[in-house]
Every structure is written in C-alpha cells, then in structure tokens.
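Undergrad: Next one to model:
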Amino acid sequence: MIASLHTFGRALNWNPHIHCLVLEVAYDPSTHTCKRNTFFSFEALRKYWQYEINRLMSLYFGKNFYAIKKKSYRLYNQGYYVYARYDKQASTKGKSYSKYIDGCVNYMMRHAARPPMAQSRIIHYNKKDR
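TA: Below is the predicted model of the structure:
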C-alpha cells in the first residue's frame with residue numbers, strides 16, 4: 001500500500017484525510033502472470049481506521065480522551081468513514097494494466113508531492129513578521 005496524509009481540502013480548509021493506493025492486481029515474476037486480490041473487507045477497514053485513530057488520540061490526550069472515544073464507538077458503530085472503490089470491471093485475462101497502473105501511481109504521486117498552498121495563492125509576504 002502507498003499512503004499519503006493530507007491535512008487540507010481543495011479550498012485549503014482543515015480536512016485531514018489519507019489517500020491510499022491498495023493492490024488489486026499483482027505481477028508474479030516467477031510465472032509471468034498477474035494475480036488478482038479478489039476480496040478486501042471495507043467493513044474491517046472502517047473499524048480498524050476508527051480503532052487506530054482512537055488509539056492514537058488516547059495516547060496523545062490520555063484519560064481526557066476516554067469520554068470522546070466511548071462516544072465515537074457508540075455514534076459510529078460501523079466505523080469511521082472510508083471511501084474505497086473496488087474495480088469490478090478489471091480482468092486479468094488478456095488485458096494490459098500498464099495504463100491503469102500508471103494513472104493510479106501518477107494520481108498518488110501528485111497528492112504526495114503537492115504543497116499545502118500554491119505559490120500563486122500567496123498575495124503578500126512580510127519578511128519582518130517571520
């Protein structure tokens with residue numbers, strides 16, 4: 001899996017989220033074939049994401065976070081939101097994945113390399129206030 005953490009949205013608002021690229025098709029060099037991952041539990045991913053976020057927040061905030069953590073498990077009993085798409089159309093027989101894979105990798109790298117604000121959006125800089 002390749003993952004990149006973003007703390008902002010398109011409008012440069014506070015919107016922490018993670019972009020993940022998860023393997024659906026893997027090349028096996030010993031047989032020169034592609035193998036497909038046919039199952040990915042999105043339910044487990046949602047619940048694991050919730051557990052990890054709550055665990056890390058508990059480590060940081062200690063006992064002060066207990067009531068919030070308890071409430072989050074009650075209110076979000078299906079886990080935290082995960083937008084994940086499974087490509088049912090893809091097939092490993094007679095299909096070239098290079099264009100599809102290149103597109104995914106380019107998308108991830110664009111997100112991983114993007115600065116939080118474009119230079120063109122900076123309208124003023126005061127060197128004395130740094």
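
Undergrad: Let's check: the centremost residue of the protein is which one?
TA: Per CA atoms, centre = their mean, the C-alpha nearest to the average position across the chain is that of residue 19, at 2.5 Å.

Undergrad: Just confirm that one is within a strand.
TA: Yes. Counting by DSSP: H, G, I helix; E, B strand; the rest coil, residue 19 falls inside a strand.

Undergrad: I figured it hits residue 1, correct?
TA: No. Assessed by CB atoms under 8 Å, residue 19 is found out of contact with residue 1, at 10.6 Å. (Glycine included, C-beta is placed from N, CA and C.)

Undergrad: correct me, but residue 34 touches residue 27?
TA: Yes. With contacts counted by CB under 8 Å, residue 34 reaches residue 27, the gap being 5.6 Å.

Undergrad: So which of the two has more stuff around it?
TA: residue 34 (16 against 11; other CB atoms under 10 Å).

Undergrad: my guess is that one is in a strand, correct?
TA: Yes. Counting by three-state DSSP, residue 34 is found in a strand.

Undergrad: Could you report the pLDDT at it?
TA: You'll see residue 34 listed with a pLDDT of 87.

Undergrad: Run the chain-centre distance for the longest helix anywhere in the chain.
TA: Criterion DSSP state H: the longest helix present in the chain is helix 42-61. If you compare the mean C-alpha spot of helix 42-61 with that of the full chain, they lie 14 Å apart, counting by CA atoms, centre = their mean, to the nearest Å.

Undergrad: Equivalent analysis for stretch 52-66, please.
TA: With CA atoms, centre = their mean, you get 21 Å for stretch 52-66.

Undergrad: go on, stretch 2-11?
TA: Mean C-alpha position of stretch 2-11 versus that of the full chain (CA atoms, centre = their mean) differs by 8 Å.
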